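**Student:** prediction below, plus the sequence it came from.
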Amino acid sequence: MQGKKIGIIGSGSWATAMIKMLCENDQDKHIFWWIRKEEDAEYIQKFKHNPTYLSGVAVDLSITSIDTNAKNVVANSDIVILNTPAAYLKDALSGITKEDFKDKIVVSAIKGIIPKDNLIIGEFLEQRYDIDIRQICVVGGPCHAEEVALGKLSYLTFGCKNLDNAALVASLLSSRVIKTILSEDIIGIEFGAVLKNIYALAGGICHGLGYGDNFQAVLVSNAIREMRRFVAKVDGDTSRDVNTSAYLGDLLVTAYSQFSRNRTFGNMIGKGYSVQSAQLEMNMVAEGYYASACIQEYAEKYAVELPICDAVYQILYAHQPASKIIQALSEKLT
């Protein structure tokens with residue numbers, strides 16, 4: 001088997017989009033793809049596409065092996081890409097040990113926080129599996145899976161303390177329509193991805209309540225400033241430029257795009273759906289819902305005010321009326 005061996009843990013839309021990127025990249029490689037459901041794995045083997053997510057994406061089975069055993073996928077891979085919702089990652093990795101990840105580059109394409117543990121993915125991997133931070137790479141946007149499937153020009157940011165590892169991972173996913181950016185700011189990229197989902201959810205709530213584009217623009221303007229304050233508090237770096245693609249770019253596309261599940265989820269909440277009803281109708285995970293609860297603990301820990309995040313939390317978890325909370329928030333925005 002020639003080239004790098006790459007494992008993908010996850011079978012949703014973003015994982016499927018990454019399969020497309022890997023298949024269309026011209027480097028020699030072999031892909032090991034973990035599929036959670038046996039019936040989905042059998043379907044992909046027979047028809048060469050995911051039956052549930054991005055079904056128009058063709059899977060090149062000449063370079064892709066399908067497996068329902070995550071331990072096999074990790075064992076066979078040099079590079080392991082984690083691409084499940086954050087809430088389901090621990091379940092997906094059940095049975096995986098520290099030894100299984102030894103000497104591998106582990107890539108997080110997850111834009112969320114592990115619930116209960118309240119850890120971003122990089123922290124979780126360091127603490128649970130003793131993975132060297134220089135072996136952990138994170139992927140930032142702006143990049144919606146649906147546009148990747150459509151072949152639209154997209155950009156990804158790869159963050160790693162070891163830029164050689166970031167460059168290696170980027171080189172395996174780049175193509176004519178996938179441009180890549182390298183960064184050492186792993187903590188900032190992860191927290192930025194978590195926060196932008198909450199802000200997009202806020203934008204969706206406001207849209208559902210009937211607020212217009214003028215208000216949305218002010219909301220997003222305040223959101224990027226709130227993000228900058230928070231991330232600077234976490235790691236003490238006050239020089240970080242948040243007006244880059246991984247921060248402002250990802251925030252904008254998540255806040256405004258028709259493909260944004262967090263905006264869609266928020267819009268349903270604003271229109272009066274319960275959380276459970278919205279989740280059932282979407283049949284996809286909106287990471288901002290789980291992140292909203294988790295980020296409250298970080299805000300308390302670092303003593304930073306996050307008015308937009310707090311408003312979303314009050315609506316989703318304290319069950320306060322959305323109209324009342326957003327009205328109060330509107331008085332705080334500048």
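**Tutor:** Looks like it came in fine. The structure displayed is predicted, hence computed values, not measured ones.
**Student:** could you check how far Asp28 is from Lys179?
**Tutor:** Note on Asp28: its distance to Lys179, by Cβ to Cβ, to the nearest Å, is 21 Å. Using the backbone N, CA and C atoms, a C-beta is placed for each residue, glycine as well.
**Student:** the two - which one has more neighbours?
**Tutor:** Lys179 (14 against 10; other Cβ atoms under 10 Å).
**Student:** for that one, which non-adjacent residue is spatially closest?
**Tutor:** For Lys179, ignoring the flanking residues on the chain, the nearest one in space by Cβ to Cβ, 6 or more residues apart in numbering is Tyr155 at 4.8 Å.
**Student:** show me where the stretch 151-300 of the chain has strands.
**Tutor:** In chain order, the stretch 151-300 of the chain shows strands spanning 154-159, 178-183, with DSSP state E, counting those that start in this stretch as the criterion.
**Student:** the closest residue in space to Pro85 that isn't next to it in sequence: how many residues sit nearby?
**Tutor:** Excluding its sequence neighbours, the residue lying closest to Pro85 (Cβ to Cβ, 6+ apart) is Val285, at 4.0 Å. Look at Val285: counted by other Cβ under 10 Å, it has 19 neighbours.
**Student:** contact partners for Val285?
**Tutor:** Gly12, Pro85, Ala87, Tyr88, Arg261 (Cβ atoms under 8 Å, 6 or more residues apart in numbering).
**Student:** swap the cut-off to 10 Å and go again
**Tutor:** Residues near Val285 by Cβ atoms under 10 Å, 6 or more residues apart in numbering: Gly12, Thr84, Pro85, Ala86, Ala87, Tyr88, Gly112, Arg261, Asn262, Phe265, Gln279.
**Student:** one more: Asp100?
**Tutor:** Ala70, Lys71, Val74, Ala75, Val80, Leu93, Tyr129.
**Student:** do the same with Gly272
**Tutor:** Counting by Cβ under 10 Å, 6+ apart, Gly272 makes contact with Gly208, Leu209, Ala278, Ala322, Ser323.
**Student:** pLDDT value on the third one, please?
**Tutor:** This means Ala278. For Ala278, the pLDDT comes out at 88.
**Student:** my read: it touches Phe265, true?
**Tutor:** Yes - using Cβ atoms under 10 Å, Ala278 is in contact with Phe265, at 5.5 Å.
**Student:** shared neighbours, these two?
**Tutor:** Gly204, Ala286, Tyr289, Leu316.
**Student:** and which of those residues is nearest to Thr16?
**Tutor:** Closest to Thr16 out of the shared contacts of Ala278 and Phe265 is Ala286 (18.0 Å), distances taken as Cβ to Cβ.
**Student:** picking that back up, my guess is the residue nearest to Lys179 contacts Leu173, does it?
**Tutor:** No - counting by Cβ under 10 Å, Tyr155 does not reach Leu173; the two are 11.4 Å apart.
**Student:** joint contacts of the two?
**Tutor:** Thr180.
**Student:** so between these two, which is more surrounded?
**Tutor:** Leu173 (22 against 16).
**Student:** if I pick the more buried one, what's in contact with it?
**Tutor:** 6, 18, 20-22, 24-25, 27, 81, 107, 109, 139, 156, 158, 180.
**Student:** from those, which land in helices?
**Tutor:** Met18, Lys20, Met21, Leu22, Glu24 (DSSP state H).
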